[in-house]
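Asker: quick one, what's the 3D model for this:
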Amino acid sequence: MSIAVADTPSRDRSATGTLLVVGVVVATLTEAIAGTALSLGRGYIIGDTYATPDEAAWLDIGYTALKLIGFMTAPWLMTRVNPHKLIICSTLVMGTACGIAVITARLDLLIALRIIQGFAGGTLLISGQAIIFLAYPRAHQPILQALFAMGSVVAPGTIAPALQGWLLDSQSWTWIFVSVVPVALAAAGLLLIADAPKPAAAVRRPFDWIGFSLMSVTFLCFTYVLNQGNRWRWFEEPRILWLTVLGAAALLLFLGHQVIAKGRGLLDFTLFRTEDFSFAFIVSFVAGAALFGSAFLIPSFAVSVLAFRPTDAGLLLLPSGAFFIGTLLIAAFLFQARRVPPVATVPFGILMIMIAMWMLSGSTSESGAHDMMAAILLRGLGLGFLFLSITLIAFSNLNDHKRASGIGLFNAGRQLGGLMGVAGLQTLIDHNVAGNVAVLGASVTAGVPAVSERLTAMTAMLAARGMDAVAASRAATSLLGRAVTGQSTVIAFDTAFNAVALLFVIAAPLLVSIKIGFHRYAKAHAAQSSRSQEPQHETSHVRSSG
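Answerer: Next up, the predicted model:
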């Protein structure tokens with residue numbers, strides 16, 4: 001009887017600990033669904049709200065900018081509010097904002113709700129990951145961070161698009177936000193039942209309003225520029241130029257203010273004294289560009305070139321998500337059970353992504369899901385090894401007082417890398433489409449025998465179906481022009497896939513060099529510290545002898 005009584009609390013703690021992890025992962029799903037709501041549903045929302053493209057752009061800009069602000073503000077909030085309560089409140093706010101978005105078609109209210117969703121999403125991601133580090137010892141983190149990545153990284157790039165495509169085809173865009181509400185309620189319920197880990201004692205410092213203001217201006221300007229720059233031909237538009245200048249000036253002032261604040265600001269510069277965090281922070285930009293860039297390219301190619309429905313385009317990435325999850329679990333086993341250092345799998349992950357993007361660069365207008373699947377699965381393998389590795393490299397050696405700030409900064413770097421990657425790929429595709437149309441169009445002239453034969457055959461086919469000769473000739477010319485544009489688009493996308501692969505070709509040796517440089521610097525700094533301590537030990541030894 002006494003044994004049963006003694007074992008029950010341990011079992012209860014184990015059960016509530018499991019509920020805590022499950023609750024955090026379910027909470028991240030709310031951000032995954034809401035954060036990607038416009039990836040497939042933008043056109044439907046624009047149609048129902050009668051918004052112009054400029055007006056609708058603020059649905060994306062408001063969410064992303066406030067999510068970045070949430071990343072940087074959440075660590076301070078965690079010094080004032082228990083992280084357990086903070087993630088519950090953020091999840092409920094996310095669910096409430098999505099629920100209200102269901103019953104309104106007013107664009108201004110939708111933009112305000114997207115702003116609330118963005119800040120809540122950024123806050124719950126940071127507090128959720130920090131809670132897992134706080135609740136469990138370092139030895140258990142590989143598998144736990146793999147589970148967290150399933151909701152925060154895998155779901156936005158693979159599971160959410162499949163769900164949203166199905167909802168768009170079978171229901172409407174409002175159902176994307178409807179689906180968030182029960183998920184948010186389930187997450188909040190699980191977190192309320194679970195035991196809250198005792199937060200680390202933190203020094204309560206006043207809120208850095210100056211730094212917050214400068215940081216907000218920086219993120220708003222850069223998010224707008226990266227989101228809309230390609231549409232306005234970048235610096236040819238004065239608005240983009242001035243916002244870039246304003247954002248850069250605000251960033252410099254923010255960094256200068258943080259130096260003057262000496263640890264009392266929003267940004268903790270001492271994080272960069274850790275070799276592993278500095279390296280992982282730099283890698284997060286490249287990894288973000290690869291994740292968001294490839295997640296943008298593959299569905300866009302499927303919809304614009306292969307004419308996939310939203311459901312089919314969303315399902316295209318779903319098998320990649322399964323491989324992503326499988327690789328996360330394999331990597332976690334290697335790190336936790338076999339004691340493989342996390343940095344060992346980074347080159348393998350980069351290589352897999354490079355090969356996958358190179359394989360996709362051979363896609364044509366006749367390609368189908370089965371032709372692209374091998375490359376898509378290989379992409380999932382690479383991302384799984386890469387993301388878990390850099391997560392453990394970044395945070396494992398940070399203490400509890402600095403970890404939340406590190407998580408916020410790391411996620412901000414990944415998000416900005418993703419924004420830069422998508423903006424660069426959009427620009428590359430648009431420029432290449434225009435250039436390819438000019439090159440191919442110059443070769444498609446009436447004097448070329450092959451062109452004349454194709455026009456004649458198409459005209460005859462259309463005439464045989466009842467069109468008069470003049471209309472058939474015009475239609476044949478129009479169809480040929482479409483074919484040229486379509487082929488130009490295929491070539492542009494193939495170039496973009498190659499660009500992602502080349503990104504790693506260039507970045508990989510740079511990252512290796514940076515890692516070696518950080519290691520040598522840390523080693524030299526440690527040697528210098530030991531030399532400076534030796535005279536002190538000798539002095540104390542002489543004094544004790546005397």
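
Asker: contact partners for residue 261?
Answerer: Residue 261 makes contact with 208, 211 under the criterion C-beta atoms under 8 Å, 6 or more residues apart in numbering. Where you see a C-beta, it was placed from the backbone N, CA and C, and this is true even at glycine.

Asker: distance of it from residue 274?
Answerer: Distance of residue 261 to residue 274, given as C-beta to C-beta, to the nearest Å: 20 Å.

Asker: next, count neighbours for the spatially closest residue to residue 398 that is not a sequence neighbour.
Answerer: Leaving aside its chain neighbours, residue 398 sits nearest to residue 406 (5.0 Å; criterion: C-beta to C-beta, 6 or more residues apart in numbering). Using other C-beta atoms under 10 Å, residue 406 is surrounded by 25 other residues.

Asker: can you check residue 368 too?
Answerer: Other residues close to residue 368 by other C-beta under 10 Å number 11.

Asker: show me where the stretch 351-500 of the chain has its strands.
Answerer: Using DSSP state E, counting those that start in this stretch, no strands are found in the stretch 351-500 of the chain.

Asker: where exactly do the helices run in it?
Answerer: Along the stretch 351-500 of the chain, counting by DSSP state H, counting those that start in this stretch, helices occupy 369-395, 400-443, 449-464, 469-545.

Asker: deepest-packed of the ones you listed, please.
Answerer: For the helices of the stretch 351-500 of the chain, the largest average neighbour count (mean count of other C-beta atoms under 10 Å) is found in helix 369-395, namely a mean of 23.

Asker: quick one: that one to helix 400-443, angle?
Answerer: 150 degrees (axes from the mean of the first three to the mean of the last three C-alpha atoms, to 10 degrees).

Asker: pLDDT score for the nearest residue to residue 57 once chain neighbours are set aside?
Answerer: Distances taken as C-beta to C-beta, 6+ apart put residue 228 closest to residue 57, at 5.7 Å, once the chain neighbours are dropped. The model reports residue 228 with a pLDDT of 87.

Asker: please state the offset of stretch 122-136 from the chain centre?
Answerer: Centroid separation for stretch 122-136 versus its chain: 17 Å, with C-alpha atoms, centre = their mean, to the nearest Å.

Asker: any low-confidence regions in the stretch 201-350 of the chain?
Answerer: 201-203, 310 (pLDDT under 70).

Asker: all helices for it, in order.
Answerer: Under DSSP H, counting those that start in this stretch, the stretch 201-350 of the chain gives helices at 209-228, 238-261, 275-304, 310-316, 318-336, 346-360.

Asker: which strands or helices does the fourth one pack on?
Answerer: Applying 3 or more C-beta pairs under 8 Å, 6 or more residues apart in numbering; DSSP states H and E, one finds that helix 310-316 contacts helix 37-49, helix 160-170, helix 275-304, helix 369-395.

Asker: what comes into contact with that helix?
Answerer: Here helix 310-316 makes contact (C-beta under 8 Å, 6+ apart) with 40, 161-166, 168-170, 298-299, 302-303, 308, 369, 372, 376.

Asker: hang on, the earlier thing: OK, contacts around the residue nearest to residue 398?
Answerer: Here residue 406 is in contact with 268, 271, 277, 394-395, 398 (criterion: C-beta under 8 Å, 6+ apart).

Asker: same check, this time on residue 95
Answerer: With contact set as C-beta under 8 Å, 6+ apart, residue 95 has these partners: 30, 180-181, 183-185, 188.

Asker: of those residues, which belong to helices?
Answerer: 30, 180-181, 183-185, 188 (DSSP state H).

Asker: show me which pair in the residues you listed is furthest apart.
Answerer: 180 and 188 (12.1 Å; C-beta to C-beta).

Asker: please identify which of the two sits among more neighbours.
Answerer: Comparing residue 180 with residue 188 by other C-beta under 10 Å, the one with more neighbours is residue 180, at 26 against 22.

Asker: mind putting the ones in helices among the contacts of residue 95 in TSV, pLDDT included?
Answerer: Converted to TSV, the ones in helices among the contacts of residue 95 look like this (pLDDT from 0 to 100):
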residue	pLDDT
30	90
180	88
181	91
183	92
184	93
185	94
188	92
